[in-house]
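A.B. asks: Sequence and predicted structure are below.
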Amino acid sequence: MPHPRLRFPPSPTGYLHIGGARTALYNWLYVKKTGGTLVLRIEDTDTDRSSEESIAGIIEGLEWLGIDWDEGPYFQTDFSADHRRAADKLLQEGKAYRCFCTREELEKKREAALAAKQNVGYDGTCRHLSEDQVEGKLEAGLDSVLRFKVPERQGKIGYHDEVLGRIESSYAEIDDFVIVRSNGSPLYLLCNVVDDIRDRISHVVRGQDHMTNTIKQLLLYEALGAPVPIFAHMPLTLDTKKAKISKRSHGEIVAVQFYRDNGFLPWAFNNFLVLLGWSPGDDREIFSREELIEAFSLDRINKSASIFNYRKGDPKFFTDPKAIAINEHYLRTIPVEELAPQVREVLIDHGLWHDDYDGARHRWFLDTIELIRSRFHVLTDFATMGRAYFSDEYEIEEKPLNKNVLKHPGLKQWLPELADDYEKLSDFSVEHTEKLARVCAEQAGVKPGVIINGMRTVVTGQLAGPSMFDILVTIGQEKVVSRLKKTPQLYP
RNA sequence: GUCCCCAUCGUCUAGUCAGGUCCAGGACACCGGCCUUUCACGCCGGCAACACCGGUUCAAAUCCGGUUGGGGACGCCA
């Protein structure tokens, strides 16, 4: 295999969802590993359901993930001449035939078969129509579709799947499938094969939901006289009720965009996705881009479906806990310089950005991220839990307000007094602020924790956070003094 | 109904092809402990699985058969 050529062929009928993203990722990884080419092909032949926004959304999603492609985007509808030519050829060569069965008739038969618990496939009504009969119906102006004529052969057809091994199916089990609509437009099964042949696709990596398509497409490759590519069918991703995840039934939680909007690091999300159905064979779970490309292989893709562990209404985890765990791992461990631009974006979005964070206060900005990030899970936490570091307008959370402030009425005096002391401090350092806080506690006759935790609540609005005196120094003398002096306003 | 695929902790998974080193390893989640001004990080410890039945074998998570369960497909969608 000199130069692998793979493709990601989304249909633009909605946003990019995690199943599609994972398929794109696996294709991308294989291409990167083998030095191959990735083709992006938009399969927009379903004109009723395809939309421009959807195309934009899918491309945006791929770009956010960092999944780039080498060719395309191609649009399937731009190649309809190819598809029609292939269909004509099949008809001419007797490998396809006109079928005049109406949708109504077909639907009726289908329902009857289902009700009688009979096989539901096409019964071949039009397969043996004589030329005269076909002419007659055509002259009568009847609509017809083109069906592929599955060869009448004994035995089985099959292929080697890189994930699943040998897959086969009896010829007798395969129904004559429609390849061209009555309006003349060719359908997926055909278009997809014609395009893959033209694009010289060598490897088809797609979901297991395509397995029956693959069997039919094998026939198409043969009929069109083209070599078949290598196939690898990935396991599906199911929900906790073991239903296939879909845009329709799961909504935004399965949309890639949701993860971008909720503070995921793109690479962290890729890292989560790749583990849904693949593992390196050892205990590693966190991979850099280079490590993952190096470790990836098709034959280590799992055979069985994985579950996207999203529990609706879970108060603690807004999505799969493992996804969050991986994201927070990256959030807390990547070089702060790498994280800073992404925090910057979030702060801009929330109106918390100051330009001097790029200039005079850049060091401060980096140090602040370093100080607070170990408690955060997603980027947006910098704008919510971390708000008091970047703005004077922040909320005091109710729980710490009650527990750390209101419970100790004395703080009404102690904290402003401490603020006076802090104001006089010429060296506003961790050592000095701590010393004064402890003196303050001693004079008040309370444990240092009372002063410290009261101060934390007043200064940050939060129940928990980094070491208190690091916070003070980070937020700065002036702001700390001013915030502490306002303590009495918190009491009713 | 027919065909295809799959089956290890709650979840993601290692181990299955080349049977013994597995009374099954890791991660997440959960529970406990240490650390600590809080919370988190970190560290230490714990809970927790080979779907079932039969066969082959000295030996089965691993091989074979069956059962059950789950999923997918069966469209003039992709």
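C.D. replies: Looks like it arrived, so ask away.
A.B. asks: how does chain A divide into domains?
C.D. replies: In the domain annotation for chain A, the residue ranges read A:5-69+A:235-330, A:78-188, A:335-391, A:395-492 (automatic domain parsing).
A.B. asks: Now tabulate these in a markdown table and tack on mean neighbour count, mean pLDDT and distance to A:Leu220.
C.D. replies: Yep, even glycine has a C-beta here, placed from its N, CA and C like the rest. A markdown table is the format used below for those (neighbours: other C-beta atoms under 10 Å; pLDDT from 0 to 100; distance: least, C-beta to C-beta, whole Å):
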| stretch | mean neighbour count | mean pLDDT | distance to A:Leu220 |
| --- | --- | --- | --- |
| domain A:5-69+A:235-330 | 18 | 95 | 15 |
| domain A:78-188 | 15 | 93 | 7 |
| domain A:335-391 | 17 | 95 | 45 |
| domain A:395-492 | 17 | 92 | 61 |
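A.B. asks: Among the ones you listed, single out whichever gets nearest to A:Asp209.
C.D. replies: Relative to A:Asp209, the nearest member of these by C-beta to C-beta is domain A:5-69+A:235-330, separated by 6.1 Å.
A.B. asks: hmm, that closest one touching RNA strand B?
C.D. replies: Yes. Legend: contact between domain A:5-69+A:235-330 and RNA strand B by C-beta under 7 Å from any atom of the strand is shown at A:9-11, A:13, A:43, A:45-46, A:49, A:235-236, A:238, A:240-244, A:275-279, A:281-283, A:285, A:300, A:302-307, A:309, A:316, A:320-322, A:324-325.
A.B. asks: Can you flag which of those belong to helices?
C.D. replies: Restricting the residues of domain A:5-69+A:235-330 next to RNA strand B to those inside helices, with DSSP state H as the criterion, leaves A:Pro321, A:Lys322, A:Ile324, A:Ala325.
A.B. asks: can you tell me which of the residues you listed lies nearest to A:Gly136?
C.D. replies: Looking at these and their distance to A:Gly136, the nearest is A:Lys322, at 62.8 Å (C-beta to C-beta).
A.B. asks: Name the residues that touch stretch A:441-457?
C.D. replies: In this structure, residues lying in contact with stretch A:441-457 by C-beta atoms under 8 Å, 6 or more residues apart in numbering are A:396-397, A:400-401, A:403-405, A:408, A:410-411, A:414-415, A:418, A:437-438, A:440, A:462-465, A:468, A:471-472, A:484, A:487.
A.B. asks: quick revisit: A:Gly207: which of the ones in helices among the residues of domain A:5-69+A:235-330 next to RNA strand B is nearest?
C.D. replies: Lowest distance from A:Gly207 to those (C-beta to C-beta) belongs to A:Lys322, with 20.6 Å.
A.B. asks: wouldn't that closest one be in contact with A:Leu273 here?
C.D. replies: No. Applying C-beta atoms under 8 Å, one finds A:Lys322 not in contact with A:Leu273, separated by 10.8 Å.
A.B. asks: Doesn't A:Glu345 belong to a helix?
C.D. replies: Yes. Counting by DSSP: H, G, I helix; E, B strand; the rest coil, A:Glu345 falls inside a helix.
A.B. asks: wait, what's in contact with A:Pro321?
C.D. replies: For A:Pro321, the contact set (C-beta under 8 Å, 6+ apart) comprises A:Asn309.
A.B. asks: how much space is there between the closest residue to A:His354 other than its chain neighbours and A:Ile324?
C.D. replies: Here the nearest residue to A:His354 in space, its sequence neighbours aside, is A:Arg361; by C-beta to C-beta, 6 or more residues apart in numbering that works out to 7.1 Å. When distances are taken as C-beta to C-beta, to the nearest Å, A:Arg361 and A:Ile324 turn out to be 30 Å apart.
A.B. asks: And A:Lys244, by the same measure?
C.D. replies: Between A:Lys244 and A:Ile324 the computed distance is 23 Å (C-beta to C-beta).
A.B. asks: Over to A:Ala113?
C.D. replies: Using C-beta to C-beta, one gets 46 Å for the distance from A:Ala113 to A:Ile324.
A.B. asks: Next: A:Ala268.
C.D. replies: With distances taken as C-beta to C-beta, A:Ala268 is found 9 Å from A:Ile324.
A.B. asks: I'd like the average pLDDT over stretch A:204-223.
C.D. replies: Averaging the model's pLDDT scores along stretch A:204-223 yields 97.
A.B. asks: That stretch: which residues count as buried?
C.D. replies: By neighbour count with 16 or more other C-beta atoms under 10 Å, stretch A:204-223 contains the buried residues A:204-208, A:213-221, A:223.
A.B. asks: That stretch vs RNA strand B: in contact?
C.D. replies: Yes. Stretch A:204-223 is in contact with RNA strand B by C-beta under 7 Å from any atom of the strand, via A:Gln208, A:Asp209, A:His210, A:Met211, A:Thr212, A:Asn213.
A.B. asks: Would you mind putting the CA coordinates of that stretch into CSV?
C.D. replies: The C-alpha trace of stretch A:204-223 is given here as CSV (Å, rounded to 0.1, in the frame of the first residue of the first chain):
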residue,chain,number,x,y,z
VAL,A,204,-12.8,2.9,4.2
VAL,A,205,-13.0,3.4,7.9
ARG,A,206,-16.6,3.9,9.0
GLY,A,207,-19.1,2.7,11.6
GLN,A,208,-20.5,-0.8,11.9
ASP,A,209,-23.9,0.6,11.0
HIS,A,210,-22.5,0.5,7.4
MET,A,211,-21.8,-3.2,7.4
THR,A,212,-24.8,-4.2,5.3
ASN,A,213,-24.0,-1.3,2.9
THR,A,214,-20.5,-2.7,2.5
ILE,A,215,-21.8,-6.0,1.3
LYS,A,216,-23.9,-4.3,-1.3
GLN,A,217,-21.1,-2.0,-2.3
LEU,A,218,-18.8,-5.0,-2.9
LEU,A,219,-21.2,-5.9,-5.6
LEU,A,220,-21.0,-2.4,-7.1
TYR,A,221,-17.2,-2.4,-7.1
GLU,A,222,-17.3,-5.7,-9.0
ALA,A,223,-20.0,-4.5,-11.4
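A.B. asks: Could you report the distance from A:Val346 to A:Phe382?
C.D. replies: From A:Val346 over to A:Phe382 the distance is 6 Å, taken as C-beta to C-beta.
A.B. asks: and what of A:Asn309?
C.D. replies: Plainly put, A:Asn309 is 26 Å away from A:Phe382 if you go by C-beta to C-beta.
A.B. asks: cool, A:Gly155 as well?
C.D. replies: Distance of A:Gly155 to A:Phe382, computed by C-beta to C-beta: 63 Å.
A.B. asks: cool, A:Thr37 as well?
C.D. replies: Computed with C-beta to C-beta, the distance linking A:Thr37 and A:Phe382 is 39 Å.
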